[in-house]
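Colleague: Below are the sequence and a predicted model; questions follow.
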Amino acid sequence: MNALYVADGAPPSLPGITDAPPTLDWWLLAPILVVFGAGVLAVLFEAFMPKKVLRPVQITVAAVALLVTFVLIVLQVEAVGDGVIVAGGVLAMDRVVLFLQGTIAVLALISLMLIAERRDGRDAFSAQAATVPGSEEERRHILAGSQHTEVYPLVLFAVLGMLLFPAANDFLTMFIALEVMSLPLYLLCGLARRRRLFSQEAAVKYFLLGAFSSAFFLFGIALVYGYAGSVNFTAIRQAVDAGGAEIFADGNGEPLLIMGIGLVAIGLLFKVGAVPFHNWKPDVYQGAPTPITALMASCTLVAAFGALLRVFFVPFGGSVAIWEPMLWTVAILTMVAAAVIAVTQRDIKRLLAYSSVVHAGFILTAVIASSTEGLAGAMFYLAAYGFTTLGAFAIVTLVRTRDGGQELGDLEGWAGLGRRAPGLALALSLFLLAFAGIPLTSGFIGKFAVFEAAIAAGATPLVVVGVISSAVTAYFYVRIIVVMFFRESEGEGPTVARAGALTGGVITVGVAATLALGIFPGPVLDNLLPDSEAGQEPAAVMVHQVTEE
Amino acid sequence: MAVTRHHAYLAAEPAATAADSVVLSNAWLLIALPLVGAAILLLGGRRTNAWGPLLATVLPVVSFVWAVLALFDLLGRGADARSVSVPVYEWFAVGDFSAKIDLLVDPLSITFVLLITFVGSLIHVYSLGYMAEDPGKRRFFAYLNLFVAAMLVLVLADNFVLLFLGWEGVGLASYLLIGFWQYKPTAATAAKKAFLINRVGDMGLLIAIMIMFTALGAVSFSDVFAAVPGANDGVLLAIGLLLLLGACGKSAQLPLQAWLLDAMEGPTPVSALIHAATMVTAGVYLIVRAGPIFEAAPVAQLTVMTVGAATMLAGGIIASAKDDIKKSLAGSTMSQIGMMVLAAGLGPIGYAAAIAHLVTHGFFKAGLFLGAGSVMHGMNDDVNMRKYGGLASKMPITFATFGLGYLAIIGFPLLSGWWTKESIISATFGLGGNLGLVFGSLVILGAALTAFYMSRMVFMTFLGKKRWDEGVHPHESPVSMTAPMLALSIGSIALGGFLVAGDRFAAFLQPVTGAELPHFTVGHAFASPYGIAAMVVLVLGVAAAWAIYLRKPVERTAPKGNLVTDTARNELYGNEINEGLFMRPGQVLTKALVVIEDKVIDGAVNGIGAGVRDSSTGLGKTQTGFARTYALTMLIGAVIVAATLAVRF
C-alpha cells in the first residue's frame, strides 16, 4: 500500500529510522548483489588462485556478473511496477533507475571488452604499477609478463557504485555509492602501461579533486540534514514542501537549504564534469588507460547524471526556483566554454573529454526543463552518447605511432587515415557526426529530445546557446573528418593496429547502436522511457513515496 | 450536366487506413524494389555487370504487378474509401512533434504508379536491346531504377515535403541520364542546363511549401487542403503561383521550357520514359493534386491556363520547324503537356481530362520515342529527318507502331488520343463564356499544329524518297526493342476509349479530384461544332504537311528560312532570351557577389573564427595541469554557484 504524503499533515514515520531491522527485498537487490558478490569473489581469486589461470577466470567472472546483472535488471521491469522503495528506504527502484542501471550494465560489459583486449600478449595496463617508471624492476616485470588482474575486481566495484548511485534514496547511501564508484576509478586511472608518469599524475589529480568535491558534497548533505532533519529523499521532499523541518516552522531555515543545494550540486556537477568543475576531465581522460577512459566516459557519466537527475527532481524537486538560475548559469558556461576550448585541442582524447563536457551541458538543459519530457530526453541522450563514445574510444586504441606503437593522440598525425583504414575512418566519422547531432544518428534524436523539452519548459534562450554551441562543436568534429579523408599524411603516417575481435566488436556495437537509435529510435522512446509529458513534474515517474508493509 | 462535387480531403472522416490489406499496407515495396535495384547496381560495381541489368528490369515489373494488385484492392472498396493512407515509417516522436513518412494510395496516385511502372518496365526491356553494346550499361540501368523509385515517391507521397523529395530525386535521375554520355560536351552542357533551369522551378515549389508551413501550419495534403477554406486569398494566390512555377520547371512550360529540347542528348529510352511519358508530366500531377488550392485562387488558375495555352502553341511551332526527330518530338511533348496544364487549370471539370490525356500521351509518346530510337538504331544514330525517307519498307514494325502512335496523337477518331483530346476540348469549351471560347479555340489551333508537325515527321521519315547517307543500311530493330513498341501501340489504340467512354476514368478519379462528371459521348463529340472543327483542322494540318513534305521532294539540307521559320528553328529564341535576361545579368551579379563574399562575409566569418580561436587559446590557459589551479577554479565555481543561488527568476 502506498502511503501518499500529505503536505499539510504530519510526516509519516519513515522506515529505516525505526529500530526494527529493515526487511530486505532480495529479488530487487539481486542485480546489485551479483556485482558485489562477483567483486568479492574476484578478490578471493586474486589472493588464492595461481597467476597463470587468473586472467581468463577474472574476465569470465566479470563478464558473467555483468551479463547476469543485466538480465536480472530486465526481468525486474515488471516487478517494480510504478516503483518501490526497498532495503529500508535507502534504495529506490523504478523504471527510470532500471533503465539507467541496464544502460550502465551494458556499457560496462562493452567497456570490459576493451579492457580485456590484448595486443601482442599485453593489455593496456602496467605490468606492475608499484614499480618506479623506467626502473630496472619495472623492466623485469615486463619481461616476466606480469599483469594486473586486479583491474577486473576494481572495475566490478566501480560498476557496483555506479549501479547504486542513481538508485540511492538517501544522501548517505548516495555518498557511499559515490565513493564506491570513485575509489576504484582513481586507481584504474593510474595503471596505464605507456606514459606511466603521465597516467599516475592524472590519477593523483583525479583523486585530489575528487576528494575536494566530495567534501563539498558531504558538507551540503549536512546542511540539508540540518534543514530537513533527515537524509532520506522522501523526508527532504516533504520538509521542502512544508517549508522546513518542524523547528523552522516560520520558514526561516531556507538559507540552510539553499546552501545545502549549492554544495550538493557542486559535488554532482563535478562528477558530470560541468564547467567550472570540469578541469579534471581532459587531464584524466588523456592520462588514463584508454579502456578506462571509455568506461568513465560512458558508465560514470550515466551514473552521475542518474544521481543528479534524482537529486534535483526528487528531494529538491520542490525548490526549482532556487536552483534554476544556478543551473542556467552552469549549463551556459559548460556549453560555451567547453566548446570554445575544444576548438584548439590537438589531442584526440582531450578533444573527446571536452566533447563529453559539452554534452553534459546539453543534458543539463533537460534537467532545467524539470519535466518528464526532459527526464526522458536526458535518459535517451545518456544511452545514445554512451554507445557512441565507447565506439570512438575503441578507435582511439587502434591508431598508433609508427615508432614504439603507442597510441597516437596528436590529430595532425591522423592525416591519411581515410585511405589507410577506410572502414575505421568511416566508423569514427559516424561517431563524430553523432556527437555533432547530425540527423539519422542517435546524437540528433538525443539533442532534439533535450532541446525540445527545454523549449517546452520555456528555456528557449538556453536552447539558442545550445544550438550555437553545437555549431562550434560541429567545427572541430568535422575538422577531424577533414584531416582523416582530405589531407595527405606527411611521411609514413600512423599505423593502424588490427582490430581484435573484442575491439572490433565494440566498434560494431557502437556503429549499430548509433545508427539504430538514430533511424529507429521509436522502440526505445516509446517503450523504455517514462511517458513524457511537457510540464509534468518528473518526480511523478520517480518513486519517492513510502511503501508500507 | 449532372454535377457531383465531393472532395475526400474536405470530408470530415479521415482517409481509410491500410491495416486490413496486405497489398496496400506494404505499398512501400513499390518504391523499395527499384530503389534496392539501384543500390545493388551502384554499390555492387562491376560484379553485377552480368546480371545487374536483368535484375533492374525485373524489379519494376514486380512493382507493376504489385500496383495492379493494389488497383484491384482499391476497386474492391467503396468509392469513398479509396483514399488509403499507408504509414511507412515513424522516425521519432518527441513531445507533440512527430517526424514520419506516410504514403497515400488513392485513384490519382495509383494511376500514376501504374503508368510509371508499366511504361518504365517496357523501357527497361527496350534498353536491354538499345544499350546492349554500351560500356556503361549497368550504370544506365541503375539510374533508370533510381528514377522509377524517385518518381514513385513523388506520386505516392501524402505530403508536400515527401513529394518534394521525390521531385528532387527525379531531377537528379534526369540530370544523370541526360548527361549519361558525359564525354559528349553537348550532353554534359544539356544536363547542366536542365539541372539549373529545374532549380528555378524547384525553388518555387520549396517556397510554396514553406509558405504552407508558416501560413497554413501543415504540409500534408489533407491538412493543407482542410486549411484552405480559412486561408487568406493572397496566401493562396502566392502558393498557387509558386506551385505553378515548380510545375513549369519540371514540365518544361513557358518560361522554363528551354531545357527539354537539349535534354534529348540523353539516350533515347530516357527521352521516352523521363522526358515524354512520366517525369515531365509531374507538373500536371502537382497542379491536379493541389487542386483545392488552385480552385480557391482563380487568378492562379487563369495563369495556369494561360501558361498551358502559350506552351502548347510554342511547342507546336517549334516541333513544326525542327529537323532533328527527337527535338521535334520534344517540342511535341511540350505542346501536349501544355494542353494538359491548360486542362488542369480548368478546375474539377478538366482534371480527369488532363490526367486521361496524360496517361494516353504517356503511351503513344513513349511509343513514338521508342520508334524514333529504333529508326536511329537503323540509321547509325543520325537524327536528321532530312536524311531519312522511305523507311517504311525497311522497318515495317517500327513504321506500324510509329504510325499508330502518330494517328493517336493527331486525334484520329476512335484512337486513344482522339478520346482524350476531345475530352480536353469539350472541357475547355465547357468553361463557358468568352474565356471558354478563347481557350477552346486555342486548343483546336494546337490540335491543328499537332496534325501538321506529326504528319511532317512521318512523311519525312517513313515515306517519300530515300535521302540516306552513304553506307547507311537501315534494318529493323531486335525483338527486345520492337516488343515494347508493340505493347505501347496497344495503348495507343485502345486505352483512350477504355478510359473515356462512359466516363469510366473520370468516375474513378472523382473521389480525389472532385471532378464534375463530363458525360462525354462519341455522338456528342462528332456532332458538336467544336468536334467538327477539330476534324476539319486535323484534315487541314495533314494536308498542309502533305503539300510541303510529301508532294514535293524534301531537300537534304534545310532551305533558307524566313523570319517565322528561323524563329521556330531557334526554339523561339528561348535560349537567347534566357541568356540576355538571366545568364548575363546573373554572371554580373555573381561576380559582384563574389566580391562581397570575399570582402564582407568571409571577413566576418574569418573574424568570428579567429575570435573563437583566440578565446579558445585564452580559455585553454586555465587548463594549467596543476591540481592547485583546478581546485581554485572549483572554488571560483562554488562562488558562482553561491551567487546564482541568491538569484530568483
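Modeller: On my side now, so go ahead.
Colleague: centroid residue for chain A?
Modeller: Nearest to the geometric centre of chain A sits A:Leu301, at 1.7 Å (Cα atoms, centre = their mean).
Colleague: So that residue versus A:Ile348, what's the distance?
Modeller: 18 Å (Cβ to Cβ, to the nearest Å). (C-beta placed from N, C-alpha, C; glycine too.)
Colleague: what about B:Pro185, how many residues close to it?
Modeller: B:Pro185 is flanked by 9 other residues according to other Cβ atoms under 10 Å in any protein chain shown.
Colleague: any idea how far it lies from B:Lys192?
Modeller: According to Cβ to Cβ, B:Pro185 and B:Lys192 sit 11 Å apart.
Colleague: How about B:Ile287?
Modeller: 27 Å.
Colleague: and if you look at A:Val43?
Modeller: 72 Å.
Colleague: Could you do B:Trp66 as well?
Modeller: Distance of B:Trp66 to B:Lys192, given as Cβ to Cβ: 36 Å.
Colleague: Would you mind listing what in the stretch 351-500 of chain A touches chain B?
Modeller: A:Glu373, A:Gly377, A:Ile445, A:Phe448, A:Ala449, A:Glu452, A:Ala453, A:Ala456, A:Val472 (Cβ under 8 Å from any Cβ of the partner chain).
Colleague: could those be laid out in TSV, adding secondary structure and neighbour count?
Modeller: Formatted as TSV, those follow (DSSP: H, G, I helix; E, B strand; the rest coil; neighbours: other Cβ atoms under 10 Å in any protein chain shown):
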residue	secondary structure	neighbour count
A:Glu373	helix	30
A:Gly377	helix	33
A:Ile445	helix	29
A:Phe448	helix	21
A:Ala449	helix	28
A:Glu452	helix	22
A:Ala453	helix	29
A:Ala456	helix	22
A:Val472	helix	19
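Colleague: where does the chain have low pLDDT?
Modeller: Just so you know, I chose chain A. Regions of chain A meeting the criterion pLDDT under 70 cover residues A:1-22, A:249-251, A:404, A:533-535, A:545-549.
Colleague: My question was about chain B, not that one.
Modeller: B:1-20, B:94-97, B:515-524, B:648-649.
Colleague: can you tell me which strand in it is longest?
Modeller: strand B:84-94 (DSSP state E).
Colleague: From the contact counts, what lies against it?
Modeller: Applying 3 or more Cβ pairs under 8 Å, 6 or more residues apart in numbering or on different chains; DSSP states H and E, one finds that strand B:84-94 makes contact with helix A:442-456, helix A:522-523, strand B:16-17, helix B:22-25, helix B:28-44, strand B:97-105.
Colleague: For the next helix or strand after the last one, list the C-alpha coordinates in PDB.
Modeller: If you walk from strand B:97-105 toward the C-terminus, the next helix or strand you reach (DSSP states H and E) is helix B:107-130. Included here for helix B:107-130 are C-alpha records, laid out as PDB according to Å, rounded to 0.1, in the frame of the first residue of the first chain:
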ATOM      1  CA  PRO B 107      -7.100   6.700 -57.500                       C
ATOM      2  CA  LEU B 108      -4.900   9.500 -58.700                       C
ATOM      3  CA  SER B 109      -1.600   8.100 -57.300                       C
ATOM      4  CA  ILE B 110      -2.400   4.600 -58.400                       C
ATOM      5  CA  THR B 111      -3.000   5.800 -61.900                       C
ATOM      6  CA  PHE B 112       0.500   7.300 -62.000                       C
ATOM      7  CA  VAL B 113       2.000   4.300 -60.300                       C
ATOM      8  CA  LEU B 114       0.600   2.100 -63.000                       C
ATOM      9  CA  LEU B 115       1.700   4.400 -65.800                       C
ATOM     10  CA  ILE B 116       5.200   4.700 -64.300                       C
ATOM     11  CA  THR B 117       5.800   1.100 -63.600                       C
ATOM     12  CA  PHE B 118       4.200  -0.200 -66.900                       C
ATOM     13  CA  VAL B 119       5.900   2.200 -69.300                       C
ATOM     14  CA  GLY B 120       9.000   2.000 -67.100                       C
ATOM     15  CA  SER B 121       9.200  -1.700 -67.300                       C
ATOM     16  CA  LEU B 122       8.800  -1.700 -71.100                       C
ATOM     17  CA  ILE B 123      11.500   0.900 -71.400                       C
ATOM     18  CA  HIS B 124      13.800  -1.300 -69.300                       C
ATOM     19  CA  VAL B 125      13.200  -4.100 -71.700                       C
ATOM     20  CA  TYR B 126      13.800  -1.900 -74.700                       C
ATOM     21  CA  SER B 127      17.000  -0.700 -73.100                       C
ATOM     22  CA  LEU B 128      18.300  -4.200 -72.900                       C
ATOM     23  CA  GLY B 129      18.500  -4.100 -76.600                       C
ATOM     24  CA  TYR B 130      19.200  -0.400 -77.200                       C
END
